[in-house]
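S.K.: predicted structure and sequence below. I'll ask about it afterward.
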Amino acid sequence: MPLRVRSCRICVSALIVAIISLTLSSAFAQSGSATPGSKPWMNAKLSPDERASLVLKEMTLDEKISLLHGTGMRGLGPMSPLSVRSNGGAGYVVGVPRLGIPDIQMSDAAYGVRSSGENGRYSTALPSDVAAAASWDLDAAYEYGALIGRELRAQGYNMSLGGGVNLTREPRNGRTFEYLGEDPVLAGSLVAQVMKGLQAQHVIGDIKHYALNDQESGRNAVNVNIDERSMRESDLLPFQIALRQTNIAAVMCSYNRLNGDYACENKHLLTDIVKKDWNFKGFVLSDWGGTHSTVKASAAGLDHEEPAEIFYGPSMKNAVEAGQVPIAEIDDHVHRILRSMFACGVVDDPLERSVVDVVGGLEVAQKIAEQSIVLLKNSQSLLPLDAGKIASIAVIGPHADVGMISGGGSAQVDPPGGNAIMPPGQGRTKWQDQVWFPTSPLKTIKAKVAHATVQYDPGTDASSAAAAAKSADVAIVFAYQWESEGMDLDNLSLPGNQDDLIAKVAAANPHTVVVLETGGPVTMPWADQVGGILEAWYAGSGGADAVANLLFGDVNPSAKLPITFPKSVDDLPHRNVVKPPKKATTEGEPDGWKRIAAGLPAFQITYDEGLEVGYKWYDAKEKSVLFPFGYGLSYTSYNYSNLTVTPGKNVRVSFTVTNTGGQAGAEIAEVYAALPQNAGEPPKRLVGWSKLKLNPGESKDVTIEIDPLYLSIFNVEKNAWQLISGDYAFLVGPSSQTLPLKESVGLK
Ligand code: BGC
């Protein structure tokens with residue numbers, strides 16, 4: 001479906017109307033805040049709930065309803081005339097200027113501010129979300145969110161649509177790069193920090209896609225079947241953890257159905273769980289086009305429809321007037337939206353555009369990339385490369401001379417400098433385009449070894465690349481796999497001839513290092529043949545500098561996999577995967593919406609592997625993997641000792657980590673728990689970690705307090721989390737499969 005195609009005449013007239021309207025809207029906004037003292041809800045000393053209640057009392061039904069829906073998105077359904085006041089982001093909600101309630105300007109912002117907004121062109125592209133998860137770094141996650149928040153505001157947005165936290169149940173999912181890996185505790189804790197950083201900039205944050213939108217294929221037409229306990233302990237848990245740790249303003253419900261009902265009209269998901277069990281005070285908004293009814297959705301707990309007003313505009317007003325939707329329900333929806341606006345500071349701190357600090361952004365992006373790139377293999381200490389000794393390097397791989405690839409779809413960021421593989425002046429990036437950020441590995445490698453010969457080969461012809469590798473001291477192959485919203489991967493292999501290319505290059509020169517630019521795990525039939533492997537993910541605007549710093553040892557790798565790399569696609573849980581579309585579409589399945597319109601039954605998908613997500617699956621099935629969850633090497637070495645486990649309200653796990661190598665580094669020390677046999681759980685689960693900076697020879701004692709939730713199971717009959725009495729084993733070490741310390745304690 002051609003998404004963003006419009007005639008130029010419409011563009012020009014829309015632009016004129018936009019200018020007039022923007023002027024009007026800022027005049028309104030100013031008039032709204034001109035006499036703040038006269039409006040009792042402008043008293044910032046009151047709580048967000050008190051302030052929301054005061055505003056609500058003054059609102060007409062029309063004003064209330066205007067807050068319950070967007071005004072349309074270009075290329076996606078009907079547009080309200082008011083949409084011309086939109087900043088060009090994915091969503092625009094008309095505020096209530098007479099009461100000082102500003103418009104909500106929403107932009108996608110997964111790893112930076114999305115390109116589609118007319119001002120989104122100068123955003124920092126951070127490493128992809130899964131890359132940031134590989135840092136396991138809560139401070140970096142905060143900084144990630146804060147940077148996005150600053151750049152959103154600078155570009156006139158006060159709400160982010162980032163915060164993707166679907167668990168990687170299915171690594172072929174085309175949005176794996178947008179999420180935070182396969183473990184609920186890691187993903188939930190990280191997204192909480194991203195949201196904390198973001199909301200501190202006075203931007204409304206949201207986490208998505210709630211829930212179990214774990215594949216793109218058929219996402220609009222699929223019904224996901226899963227049992228209650230499994231979903232509570234896996235896919236829903238990161239949402240629960242994040243909402244418990246931070247007051248996140250919004251949750252976006254997903255496209256798919258869950259156990260029969262669409263997620264956006266699923267009372268169990270929206271009301272029973274998120275609003276009641278988790279005591280969520282913010283608002284639920286639908287994914288774009290994910291609303292399917294008025295009365296049912298409203299009663300189920302959907303507060304806001306995006307992007308248009310198909311069910312929550314005039315139809316909602318009619319339903320209220322006909323007594324089908326109680327006004328109390330409308331008031332609850334509106335109250336939630338208003339209280340979130342007050343809580344995030346978007347009322348007290350009106351939007352004011354400024355210039356995005358792209359230089360500062362680049363520094364942050366590079367720093368986070370350096371903490372995100374995982375060293376997977378380093379035979380005979382091939383890395384770090386010694387810049388002083390190397391005489392020749394062959395840099396091989398498509399586009400490695402100009403850029404590094406990024407993830408597509410609604411997450412796509414257009415960085416400064418545009419798409420490195422698109423000739424200048426070719427216009428804006430389209431949904432199906434691969435965007436390569438203009439961060440050139442060839443240039444950054446050359447800069448490290450000014451005196452050496454650096455030869456580039458695009459890898460199109462494996463024999464020519466092998467010849468280049470043969471004549472060099474070291475060959476560095478940049479391999480990629482593209483992912484985007486709206487598509488899934490057929491398998492986990494590198495596309496095209498890349499496996500063959502790497503095998504031939506490695507056969508020509510054993511000093512071959514492979515740098516992977518992928519959205520998630522890939523299989524590596526050549527892994528035994530190469531000397532080094534770095535997983536760089538989609539490394540963002542500062543990617544090439546970060547890679548070069550790691551290759552040459554200016555930075556010591558510290559990242560660890562937030563996701564298992566299986567040996568073969570056959571090792572994944574087997575299930576009836578809906579056939580993926582051939583190319584990325586917004587529907588994730590070409591006939592998804594048509595299918596719904598025609599009233600055809602949903603495709604069924606059953607996650608009968610249940611609790612066994614990611615490493616829990618491989619552990620339970622005793623399948624060996626290529627690289628396990630939590631794994632990552634360093635240029636130094638660490639020793640673990642002195643484990644003690646102290647039972648109590650929060651179990652305390654204490655141990656010592658020593659840097660036994662010759663370089664300073666940061667070690668992510670991981671703690672897993674094996675629950676009592678009768679808990680019926682997979683063999684172990686991550687319950688905590690600590691990232692420790694250690695100089696050579698230095699030791700640090702660590703104590704990690706384990707949240708009782710992380711040791712509990714979900715008791716469906718009692719609808720509550722429960723700590724089972726019995727023996728718990730605590731295992732500590734550098735990866736989920738290397739856990740040298742173990743101690744068992746009885747817990748009651
Ligand atoms: C995506 C959401 C996104 C929205 C707005 C949808 O297609 O699933 O993640 O926020 O579009 O662009």
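M.R.: Received, thanks. Numbers count the residues shown, from 1 in each chain.

S.K.: shouldn't residue 151 be within a helix?
M.R.: Yes. Counting by DSSP: H, G, I helix; E, B strand; the rest coil, residue 151 is found in a helix.

S.K.: now do the same contact list for it.
M.R.: Neighbour list for residue 151: 112-113, 123-124, 356, 361 [criterion: C-beta atoms under 8 Å, 6 or more residues apart in numbering]. All C-beta spots, glycine's among them, are computed from the backbone N, C-alpha and C.

S.K.: tell me the one among those residues nearest to residue 731.
M.R.: residue 112 (36.9 Å; C-beta to C-beta).

S.K.: can you classify the closest one by secondary structure?
M.R.: Assignment for residue 112 (three-state DSSP): coil.

S.K.: how much space between it and the ligand?
M.R.: Here residue 112 is placed at a distance of 14 Å from the ligand (C-beta to the nearest ligand atom, to the nearest Å).

S.K.: that residue and residue 128 touch, don't they?
M.R.: No. Residue 112 is not in contact with residue 128 according to C-beta atoms under 8 Å; the separation is 9.8 Å.

S.K.: give the residues shared as contacts by the two.
M.R.: With C-beta under 8 Å, 6+ apart, residue 112 and residue 128 have common neighbours residue 540.

S.K.: burial count for the closest residue to the ligand within the stretch 401-550 of the chain?
M.R.: Nearest to the ligand in the stretch 401-550 of the chain, going by C-beta to the nearest ligand atom, is residue 410, at a distance of 3.7 Å. Neighbour count of residue 410, defined by other C-beta atoms under 10 Å: 23.

S.K.: now the closest residue to the ligand within the stretch 101-250 of the chain. Nearest residue, chain neighbours left out?
M.R.: As assessed by C-beta to the nearest ligand atom, the ligand sits closest to residue 161 within the stretch 101-250 of the chain, at 3.8 Å. Distance criterion C-beta to C-beta, 6 or more residues apart in numbering; nearest residue to residue 161, sequence neighbours excluded, is residue 108 at 4.7 Å.

S.K.: tell me how many other residues crowd that neighbour.
M.R.: Residue 108 is flanked by 28 other residues according to other C-beta under 10 Å.

S.K.: you'd agree residue 312 is up against residue 292?
M.R.: No. The pair formed by residue 312 and residue 292 falls short of the contact definition of C-beta under 8 Å, at 11.5 Å.

S.K.: the two: which is more packed in?
M.R.: residue 312 (30 against 21).

S.K.: out of the contacts of residue 151, who has the most neighbours?
M.R.: Greatest neighbour count in these, by other C-beta under 10 Å, goes to residue 113: 33 neighbours.

S.K.: which residue, other than its chain neighbours, is closest to that one?
M.R.: Leaving aside its chain neighbours, residue 113 sits nearest to residue 123 (3.9 Å; criterion: C-beta to C-beta, 6+ apart).

S.K.: also residue 122?
M.R.: Once flanking residues are discounted, residue 122 sits nearest to residue 356: 4.9 Å by C-beta to C-beta, 6+ apart.

S.K.: does the one you found sit in a helix or strand, and which one?
M.R.: If you go by DSSP states H and E, residue 356 is not part of any helix or strand.

S.K.: got phi/psi on it?
M.R.: Main-chain dihedrals, residue 356, degrees, to the nearest 10: phi -70, psi 130.

S.K.: who's in contact with it?
M.R.: So residue 356 contacts 122-124, 151, 154-155 (C-beta under 8 Å, 6+ apart).

S.K.: which pLDDT does the model give it?
M.R.: pLDDT, residue 356: 90.

S.K.: ok, it to residue 319 distance?
M.R.: According to C-beta to C-beta, to the nearest Å, residue 356 and residue 319 sit 42 Å apart.

S.K.: from the contacts of residue 151, pick the one nearest residue 503.
M.R.: The nearest one, if we look at these relative to residue 503 and count by C-beta to C-beta, is residue 112, at 34.9 Å.

S.K.: burial of the nearest residue to the closest one once chain neighbours are set aside, as a residue count?
M.R.: Counting by C-beta to C-beta, 6+ apart, residue 413 is the residue found nearest to residue 112 once chain neighbours are left out, at 3.8 Å. Neighbourhood size, residue 413 [other C-beta under 10 Å]: 28.

S.K.: go on, residue 742?
M.R.: So residue 742, with other C-beta under 10 Å, has 14 neighbours.

S.K.: would residue 272 count as being in a helix?
M.R.: Yes. Counting by three-state DSSP, residue 272 is found in a helix.

S.K.: give the full set of residues in contact with it.
M.R.: Not one residue lies near residue 272 by C-beta under 8 Å, 6+ apart.

S.K.: who in the stretch 301-450 of the chain is up against the ligand?
M.R.: residue 410 (C-beta under 6 Å from any ligand atom).

S.K.: where in the stretch 301-450 of the chain is pLDDT low?
M.R.: 425-429 (pLDDT under 70).

S.K.: wait, a strand at residue 251?
M.R.: Yes. Counting by three-state DSSP, residue 251 is located in a strand.

S.K.: mind checking how far it is from residue 395?
M.R.: Counting by C-beta to C-beta, the gap from residue 251 to residue 395 is 44 Å.

S.K.: and for residue 550?
M.R.: On the measure of C-beta to C-beta, residue 550 and residue 395 end up 15 Å apart.

S.K.: where does residue 583 land on pLDDT?
M.R.: Predicted confidence (pLDDT) for residue 583: 48.

S.K.: same question for residue 75.
M.R.: Predicted confidence (pLDDT) for residue 75: 72.

S.K.: the one 3 residues further on too?
M.R.: Per-residue confidence (pLDDT) for residue 78: 81.

S.K.: contact partners for it?
M.R.: With contacts defined as C-beta under 8 Å, 6+ apart, the neighbours of residue 78 are 72, 308-310.

S.K.: export those to TSV and append columns for neighbour count and secondary structure.
M.R.: Listed next are the contacts of residue 78 as TSV, based on neighbours: other C-beta atoms under 10 Å; DSSP: H, G, I helix; E, B strand; the rest coil:
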residue	neighbour count	secondary structure
72	22	coil
308	23	coil
309	24	coil
310	18	coil
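
S.K.: what does this structure put close to the ligand?
M.R.: 90, 108, 161, 208, 287-288, 410, 586.

S.K.: can you select the buried ones from those in ChimeraX?
M.R.: Written as a ChimeraX command, the selection of buried residues from the residues of the chain next to the ligand, which uses 16 or more other C-beta atoms under 10 Å, is:
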select :90,108,161,208,287,288,410,586
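
S.K.: want to try JSON lines for the residues of the chain next to the ligand, with secondary structure as columns?
M.R.: Below are the residues of the chain next to the ligand laid out as JSON lines (three-state DSSP):
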{"residue": "90", "secondary structure": "coil"}
{"residue": "108", "secondary structure": "coil"}
{"residue": "161", "secondary structure": "coil"}
{"residue": "208", "secondary structure": "strand"}
{"residue": "287", "secondary structure": "coil"}
{"residue": "288", "secondary structure": "coil"}
{"residue": "410", "secondary structure": "helix"}
{"residue": "586", "secondary structure": "coil"}
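
S.K.: what's the farthest-apart pair in the residues of the chain next to the ligand?
M.R.: Longest span within those, C-beta to C-beta: 208 and 586, 15.4 Å.

S.K.: got the domain ranges for this protein?
M.R.: Annotated domains of the chain cover 1-30, 47-343, 363-551, 631-747 [automatic domain parsing].

S.K.: now the end-to-end length of the longest one.
M.R.: The first and final residues of domain 47-343 sit 8 Å from each other (C-alpha to C-alpha, to the nearest Å).
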